[in-house]
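>>> Starting from these lines, generate the structure:
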Amino acid sequence: MTLAYWQRVDGTLIQEFRVVSRSATCSHRDLDGLIICGGEVIAVQAKTGRLNLPLLGQALFSRDFLARWHPRQVRTVALCGLDDGVLGPLARAEGIEVEVPPGHERRPADVDSYIAALLEAYWRQVGGTLLDRYSLVEASATTDHQRAHGVIVTGDMRRVPRGAARHLSLRGAEVTIVHTAPGLGMYVLGRAYFTRHIALTAHAPAVRSVVVCQRDDSVLRPLAEARGIEIVRLTSDDGVK
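Numbering: from 1, shown residues only. Got it, this is the predicted structure:
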């Protein structure tokens, strides 16, 4: 997919470009491709399935990584096998170009990092009503399910299991969107950033977005916080089993 896109736009292609090196406090981060055209650089991230939240996270934060080097112009492109009727407009509103090259229409399973113990521990700390794996968007012919790992609504301390909250509306509610992951990464940040936007379109007047993880990342954390995503690190000392 990356090669086919490069052949259309020209320039110099560096495949598997390492934009962040591993250190004691962060993981390495790679672009599927970096295309250099004069003073313009293009970050390319590709997945062979339908446009999804992890791919959008890669595309969004890849641009942030490159912007730190102050090129004249930075573009970011998400290559996928199928566009998405909900996520596509959100991506383009953020300046992410979505391209669907011909011949790449497979639909592999989405990569999910849901960790029940992290969600449970965070909810026990903050209280409220927890909607477990709440579906913000139902699947249709033009979009897949878009789920939050958890939605916490201000109110009584109770847990609503997956599926039971399907018909509960977020209209007028103050909510916290929660996503979990073993380590802070671009996949989970894509979920956190874009599900917040989806929740706001569901008429929730105030939406916080929180990522609960066990391993922090010194490079990604400030980029996430600059986009309004709160990072909470929990360990066994916090009751995580």
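
>>> Show the residue spans covered by the strands in the chain.
12-20, 29-37, 40-46, 73-79, 96-99, 129-132, 135-137, 146-147, 150-153, 158-160, 174-183, 206-215, 229-233 (DSSP state E).

>>> Dump the C-alpha coordinates for the second one into CSV.
What follows is the C-alpha trace of strand 29-37 in CSV, where atoms were taken according to Å, rounded to 0.1, in the frame of the first residue of the first chain:
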residue,chain,number,x,y,z
ARG,A,29,7.9,4.6,17.1
ASP,A,30,8.0,3.9,13.4
LEU,A,31,6.2,5.3,10.4
ASP,A,32,5.2,2.8,7.6
GLY,A,33,6.7,5.4,5.3
LEU,A,34,8.2,8.9,5.2
ILE,A,35,8.0,10.7,1.9
ILE,A,36,10.2,13.8,1.4
CYS,A,37,9.2,16.2,-1.4
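
>>> which residues sit against it?
2, 5-6, 9-20, 41-46, 61-62, 65-66, 79, 186, 219-220 (CB atoms under 8 Å, 6 or more residues apart in numbering). (Each C-beta comes from the backbone N, C-alpha and C, glycine too.)

>>> Quick one: buried ones out of those residues?
Taking 16 or more other CB atoms under 10 Å as the criterion, what is buried in the contacts of strand 29-37 is 2, 5-6, 13, 17, 19-20, 41-46, 61-62, 65-66, 79, 186, 219-220.

>>> Strand partners (parallel or antiparallel) of the lowest-mean-pLDDT helix or strand in the chain?
Using mean pLDDT, DSSP states H and E, strand 158-160 stands out as the lowest-scoring helix or strand of the chain, at a mean of 85. If you go by DSSP bridges, strand 158-160 pairs up with strand 129-132 (parallel).

>>> what distance separates the partner strand from the middle of the whole chain?
20 Å (CA atoms, centre = their mean, to the nearest Å).

>>> Take the strands of the chain and write them to a markdown table, including distance to residue 122.
Listed next are the strands of the chain as a markdown table, based on distance: least, CB to CB, whole Å:
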| stretch | distance to residue 122 |
| --- | --- |
| strand 12-20 | 27 |
| strand 29-37 | 25 |
| strand 40-46 | 29 |
| strand 73-79 | 29 |
| strand 96-99 | 29 |
| strand 129-132 | 9 |
| strand 135-137 | 19 |
| strand 146-147 | 17 |
| strand 150-153 | 8 |
| strand 158-160 | 12 |
| strand 174-183 | 6 |
| strand 206-215 | 5 |
| strand 229-233 | 6 |
